[in-house]
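1. Generate a structure from the sequence data that follows.
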Amino acid sequence: MATILMPPAIRDRVSPNDAPAAMPADAARRQLRSLLTIEPAVFMTRENARVFRAANYSLRAVRLWYQAIEWVEQGDPDGVLLDIDALDARVSSVNVSARRVVELLHRAAGLRPVIIAAVSRRDSSEIEDVLRAGVHAFVPASATPVCLIQRVEAARARLARPVPALALTA
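-> Residues are numbered from 1 along each chain as shown. The predicted structure is shown next:
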């Protein structure tokens, strides 16, 4: 029988049969979420990995945009982190722009909520076309990883909220 620790005042008023059941260790733990990083140089430092792990995120890195599209199509990541500057710097006949990558990620996700977060050294007005393509969270490159995690969590909360039904009046 598991021992349940309660203050003495409550323990005296509650019978052993009414005591709350102990939660299983797996249920008490938050589910590990996976974030896919494209052009991971900005994100994959030892410090960032430690901060993301503490926030219950695992980071997976891919170097090429089409690998990220494949991972999202398979339904694996909960979110995608983009380094917009690195993506745009590699635009060529083979590589696509950051805006196009965001559009393709949304198409690959379908109806699943996949958070797309972007980091850039540029001002948000300079990359407005990328942000309007469907980026859920934007963080300047100078921000801390904690700030990035907070923005990802806020975007997750916005996507999880049910959309209110429109009231039709006659």
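
2. quick check: mean pLDDT across stretch 71-84?
-> Mean pLDDT, stretch 71-84: 89.

3. Am I right that residue 87 is in a strand?
-> No. Going by DSSP: H, G, I helix; E, B strand; the rest coil, the assignment for residue 87 is helix, not a strand.

4. now it: how far from residue 80?
-> The gap separating residue 87 from residue 80 is 12 Å, by C-beta to C-beta, to the nearest Å. C-beta here means a position set from N, CA and C on the backbone, and glycine is covered the same way.

5. how far away is residue 115 from residue 123?
-> Distance from residue 115 to residue 123, by C-beta to C-beta: 22 Å.

6. next one: residue 136
-> From residue 136 to residue 123 the distance is 19 Å (C-beta to C-beta).

7. Residue 34 sits in which helix or strand?
-> strand 33-38 (DSSP states H and E).

8. And for that strand, what's in contact with it?
-> Applying C-beta atoms under 8 Å, 6 or more residues apart in numbering, the external contacts of strand 33-38 come out as 43-44, 52, 56-65, 68, 71-72, 76-83, 87, 101, 152.

9. end-to-end on stretch 34-53?
-> In stretch 34-53, first residue to last residue: 10 Å (C-alpha to C-alpha, to the nearest Å).

10. filter the contacts of strand 33-38 to the buried ones?
-> Those of the contacts of strand 33-38 that meet the buried threshold are 43, 52, 57, 59-62, 65, 68, 71-72, 77-83, 87, 101, 152, by 16 or more other C-beta atoms under 10 Å.

11. Among the residues you listed, which are located in strands?
-> Using DSSP state E, the members of the buried ones among the contacts of strand 33-38 that fall within strands are 57, 59-62, 79-83.
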